[in-house]
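Everything below, folded, please.
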Amino acid sequence: MADHDAILEAFEQNSRHLPKRKNGNYLYHEIVSLPLNTNFPVERQICALFDVVYRYLELRAEKLLTYGRMHLEEHHLHFHLMLSSNELGSRKRFRLPKAVFSKIQKEMEAYLPSAYPELEQKSVYAKPRNDAKQTNKEFQYSK
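Next comes the predicted model:
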């Protein structure tokens, strides 16, 4: 438990740099997950997940205090990440714009099949969108 206490203390100490704010977060919980592929050894999939998590953190949280744990659920490998809301020692909260976060998700999703095609990872974030909206007249006609 000493490691657990030391990790908790590191996050608490870093949060003390932030100005007090009602309902202010000093931690974010994120999950990186891969569905298990029964055609390949679990060890290879665990290595792939670690690689993806490291790359993700380089893009998402390079200067944030981070702690993670991996576990296996029935059909998924999960990596739970705790990220500080401020860069190490900073008095400002680190805000990642939604567009940047979305770009990171798409980059990671594109990386996985190029690095690990055997995992047959399906696309979630990079699906083509149909932004063509119908006018009311077109909708009524199709109805």
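
Kindly export whichever strand in the chain runs longest (C-alpha atoms) in PDB.
Taking DSSP state E as the assignment, the strand of the chain that covers the most residues is strand 76-87. The C-alpha trace of strand 76-87 is given here as PDB (Å, rounded to 0.1, in the frame of the first residue of the first chain):
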ATOM      1  CA  HIS A  76     -12.000  -6.200 -23.400                       C
ATOM      2  CA  LEU A  77      -8.600  -5.100 -22.200                       C
ATOM      3  CA  HIS A  78      -8.900  -1.900 -20.400                       C
ATOM      4  CA  PHE A  79      -6.400   0.700 -19.300                       C
ATOM      5  CA  HIS A  80      -7.700   3.100 -16.600                       C
ATOM      6  CA  LEU A  81      -5.900   6.400 -16.500                       C
ATOM      7  CA  MET A  82      -5.900   9.000 -13.900                       C
ATOM      8  CA  LEU A  83      -4.700  12.400 -15.200                       C
ATOM      9  CA  SER A  84      -4.000  15.500 -13.200                       C
ATOM     10  CA  SER A  85      -6.100  18.500 -14.300                       C
ATOM     11  CA  ASN A  86      -3.000  20.700 -14.200                       C
ATOM     12  CA  GLU A  87       0.500  20.300 -15.600                       C
END
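
That strand: what's the following helix or strand?
Tracing the chain past strand 76-87, the next element assigned as helix or strand by DSSP states H and E is helix 98-115.

how about the helix or strand that that following helix is followed by: buried residues?
Later in the chain than helix 98-115, the nearest helix or strand by DSSP H and E is helix 136-142. Residues of helix 136-142 classed as buried: none (neighbour count, 16 or more other CB atoms under 10 Å). Every C-beta, even on glycine, is put in place using the N, C-alpha and C of the backbone.

Stretch 26-36 now?
Tyr26, Tyr28, Glu30, Val32, Leu34.
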